[in-house]
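In: Sharing a sequence plus its predicted fold:
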Amino acid sequence: MYVYTNLSAALRDKTSPLREYLHSRYPNTRAVQGAYRRAAGPLLVDTGGANPATLGAAFDFEVRFLLVPDHEPVLPLLGFFGFPQESAVIESVIETAQAAVASTAEDVDRLSRACWALALCTDVYRRNLLRESALDNLLRTGRFTPDHLLALAPPDAIRQLWELRGLAEEHLFPHLGSPTYPGPTFDASVLCNADADLISAHTLLDLKTHLGPKNQRTGIRSDALTSNDLYQIITYALFDHSDAYHLTEVGIYSARYAHLETWTLTHLLATLAGTDIDLTEERETVWKLLGGPLRS
């Protein structure tokens, strides 16, 4: 039996039954991708060398704290389970982020630094990157403290997070409703680890900080939507087996382009499938595919 680790890995794995099902059930991605590309504007926030994966995770945390100031993320702590001293340091960084959601320059800087540190801590859990991380040096030299963690963010990361925050406050936040669920998990997350970025009211949103492909002739980058991007957002919705969040829409916010695109969930699924679908049946199919137990 195929053993699922997490959703991202399952979508990348060509032998994954989940990926095979999504590609066969929802093959019609091109029209959606083309419409997305045509609606996108120019690149607004370029990179300057900061690690792109860490930057993306830090931006996710930044948005979550700005929308839900008392948000208490779990993932940064999971890689340090069983290490109470280090966990207490990370909890202190979380408290710094919670207290730094104002718009003063000092608060913006502190929030960005805290989110960068939490992104590094999350990598320890998600990708076992302690040995390749700046955290390893802090641990080995006895400097794993809140102040040292907050000092890890490079200047370019601070600059990007500052600019991305400004765009999100103008192009994303005004379109959000309530309640807001940062980092939601789903029924099927116990079968295949999956936590989305954000649910606002009845809309599930995935936050992207990708640069987009570069035109080899002009050197200009453009926003793009991969098939795996699409499969990821619909799979989150399909993982909500009990319809706990009552999702009606899914969407993507491409942060570097300030591009927010949303779709009615059932219409998107029907478009991708090329036929009408029953959302409850689709969720049941995915649940069984993951090895979920029968429910009475």
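Out: In hand now; what should we look at?
In: Assumed residue 24 was part of a helix.
Out: Yes. Assessed with DSSP: H, G, I helix; E, B strand; the rest coil, residue 24 lies in a helix.
In: Read off the pLDDT value for it.
Out: Note on residue 24: pLDDT of 97.
In: try residue 124
Out: At residue 124, the pLDDT value in this model is 89.
In: contacting residues for it?
Out: 79-80, 130, 133, 135 (Cβ atoms under 8 Å, 6 or more residues apart in numbering). Every residue, glycine included, has its C-beta placed from N, CA and C.
In: Quick check: PyMOL command selecting the buried ones in the residues you listed.
Out: Here is the PyMOL command that selects only those of the contacts of residue 124 that count as buried (16 or more other Cβ atoms under 10 Å):
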select buried, resi 79+80+130+133+135
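In: In helices only, show me the contacts of residue 124.
Out: The helices, defined by DSSP state H, take in residue 135 from the contacts of residue 124.
In: With respect to pLDDT, which of the contacts of residue 124 ranks lowest?
Out: Lowest pLDDT among the contacts of residue 124: residue 130, with 67.
In: rewinding a little: ok, which pair from the contacts of residue 124 is furthest apart?
Out: Using Cβ to Cβ, the contacts of residue 124 span at most 12.3 Å, a distance reached by 80 and 133.
In: So residue 122 sits against residue 57, correct?
Out: Yes. The pair residue 122 and residue 57 qualifies as a contact (Cβ atoms under 8 Å) at a distance of 5.7 Å.
In: picking that back up, out of the contacts of residue 124, which is nearest to residue 204?
Out: residue 79 (25.8 Å).
In: out of everything not next to it in sequence, what's closest to that closest one?
Out: Nearest non-adjacent residue to residue 79, counting by Cβ to Cβ, 6 or more residues apart in numbering: residue 124, 3.1 Å away.
In: Surely that neighbour is within a strand?
Out: No. With three-state DSSP as the criterion, residue 124 is assigned helix and is not in a strand.
In: how close does it get to residue 118?
Out: Distance, residue 124 to residue 118, by Cβ to Cβ, to the nearest Å: 11 Å.
In: With residue 92 instead?
Out: Distance, residue 92 to residue 118, using Cβ to Cβ: 11 Å.
In: who's more crowded, those two?
Out: Between residue 92 and residue 118, counted using other Cβ atoms under 10 Å, residue 118 has the larger neighbour count: 27 against 15.
In: Retrieve the pLDDT associated with the closest residue to that one other than its chain neighbours.
Out: Spatially, and ignoring its direct neighbours in sequence, residue 118 is nearest to residue 76 (4.5 Å; Cβ to Cβ, 6+ apart). pLDDT recorded at residue 76 is 95.
In: Quick check on residue 256: phi, psi?
Out: Residue 256 adopts backbone torsions of phi -70, psi -20, taken as degrees, to the nearest 10.
In: okay, now the closest residue to it other than its chain neighbours: neighbour count?
Out: Closest residue to residue 256 apart from its sequence neighbours, by Cβ to Cβ, 6+ apart: residue 45 at 4.6 Å. Residue 45 has 21 neighbouring residues, counting by other Cβ under 10 Å.
In: do residue 18 as well
Out: Taking other Cβ under 10 Å as the criterion, the count of residues near residue 18 is 22.
In: Once you drop chain neighbours, what's closest to residue 114?
Out: Nearest residue to residue 114 in three dimensions, chain neighbours excluded: residue 97, at 3.8 Å (Cβ to Cβ, 6+ apart).
In: Contacts only, for the one you found.
Out: 61, 65, 110-111, 114-115, 118.
In: Same question for residue 200.
Out: Going by Cβ under 8 Å, 6+ apart, residue 200 touches 67, 176-178, 180-181.
In: now residue 32
Out: Per Cβ under 8 Å, 6+ apart, neighbours of residue 32: 225, 230, 263, 268, 271-272.
In: Got the confidence number for residue 3?
Out: pLDDT, residue 3: 86.
In: Mind telling me what element it is part of?
Out: According to DSSP states H and E, residue 3 maps onto no helix or strand at all.
In: follow-up on the earlier one: now intersect the contacts of residue 97 with the strands, please.
Out: Applying DSSP state E to those, no entry is found in strands.
In: Take the residues you listed and write them to CSV, including pLDDT.
Out: CSV is the format used below for these (pLDDT from 0 to 100):
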residue, pLDDT
61, 98
65, 97
110, 97
111, 97
114, 98
115, 98
118, 97
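In: which one of the residues you listed sits closest to residue 164?
Out: residue 115 (10.8 Å).
In: Lovely, talk soon.
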